[in-house]
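Colleague: Below are the sequence and a predicted model for it; my questions follow.
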Amino acid sequence: MLAKSKLTIAIVAFACFFIGIALYINFYSRHTADTVPAKTSPEPATVIGSVRPDFTLQDTGNKPHSITEHDGKVIVLNFWATWCPPCRREIPALIELQDKYREQGVALLGVAIDEAQSVIDFVDPMGINYPVLIAELEGIALTQTYGNHLGGLPYTVIIDRTGVIRHALMKELTLEEAETLIQPLL
């Protein structure tokens, strides 16, 4: 009789254990679906199709530049920082993109979310052939106006000749990806 009651207790304990796990999984999956954001698209849909915001920033030579200087061109607006490894890795592709498409009306602009001296020390040795504007910490708010609500870097926005944002990507961009996105806009 004692063995039979021990077996019954073990079976009940075993069943309670698995019911508890099932309830935990059910509870966890329901509540995390409400609190964990869904996987974000590489293109922040909130800005796609909208007119690009205006801004003016100083370049590495302390000269102010407005994005409106590039009206009528396809603009590749790249937000980056010197301390960001994927940003640094994509710069050679951006240099090549500028070389290859400048004559076809593509304007590449780098906006550094970084301290001015760090950017100045970084730009020349890298051979960057496009304007680099220094946004420092104010650049975080600027990236948000361009749809970067998560604040990730690198963040690239592609704007058509009429000033409408066509693509916004929070990722390291390759030359091939950039070409695929800008060629239909030429």
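Modeller: Thanks, I have the structure now.
Colleague: For the rest of this, base every contact and every neighbour count on C-alpha atoms.
Modeller: Will do.
Colleague: Which parts of the chain are helices?
Modeller: Under the criterion DSSP state H, the chain contains helices at 2-35, 85-101, 116-126, 138-145, 175-182.
Colleague: Report the mean per-residue pLDDT for the third one.
Modeller: Confidence over helix 116-126 (mean pLDDT, whole number) is 93.
Colleague: Buried by neighbour count: which residues of it qualify?
Modeller: 116, 119, 120, 123 (16 or more other C-alpha atoms under 10 Å).
Colleague: now do stretch 52-64
Modeller: 52, 57, 58, 59, 60.
Colleague: Relative to the whole chain's centre, how far out is that stretch?
Modeller: 20 Å (C-alpha atoms, centre = their mean, to the nearest Å).
Colleague: Need the residues that contact it.
Modeller: 65-68, 116, 119-120, 131-135, 145-146, 159, 163-165 (C-alpha atoms under 8 Å, 6 or more residues apart in numbering).
Colleague: Report the buried members of these.
Modeller: 65, 67, 116, 119-120, 131-135, 146, 159, 163-165.
Colleague: Can you pull the domain assignment for the protein?
Modeller: Using automatic domain parsing, the domains assigned to the chain come out as 1-36, 56-185.
Colleague: so how far does the longest one reach from one end to the other?
Modeller: Taking C-alpha to C-alpha, to the nearest Å, the span from the opening residue of domain 56-185 to its closing residue is 24 Å.
Colleague: Repeat that for stretch 142-149.
Modeller: End-to-end distance for stretch 142-149, by C-alpha to C-alpha: 10 Å.
Colleague: in that stretch, what's buried?
Modeller: Neighbour counts over stretch 142-149 (16+ other C-alpha under 10 Å) mark 142, 143, 146, 147, 148 as buried.
Colleague: show me what contacts residue 98?
Modeller: For residue 98, the contact set (C-alpha under 8 Å, 6+ apart) comprises 106, 107, 108, 129, 130.
Colleague: Please report the number of neighbouring residues for residue 176.
Modeller: Number of residues near residue 176 (other C-alpha atoms under 10 Å) recorded here: 10.
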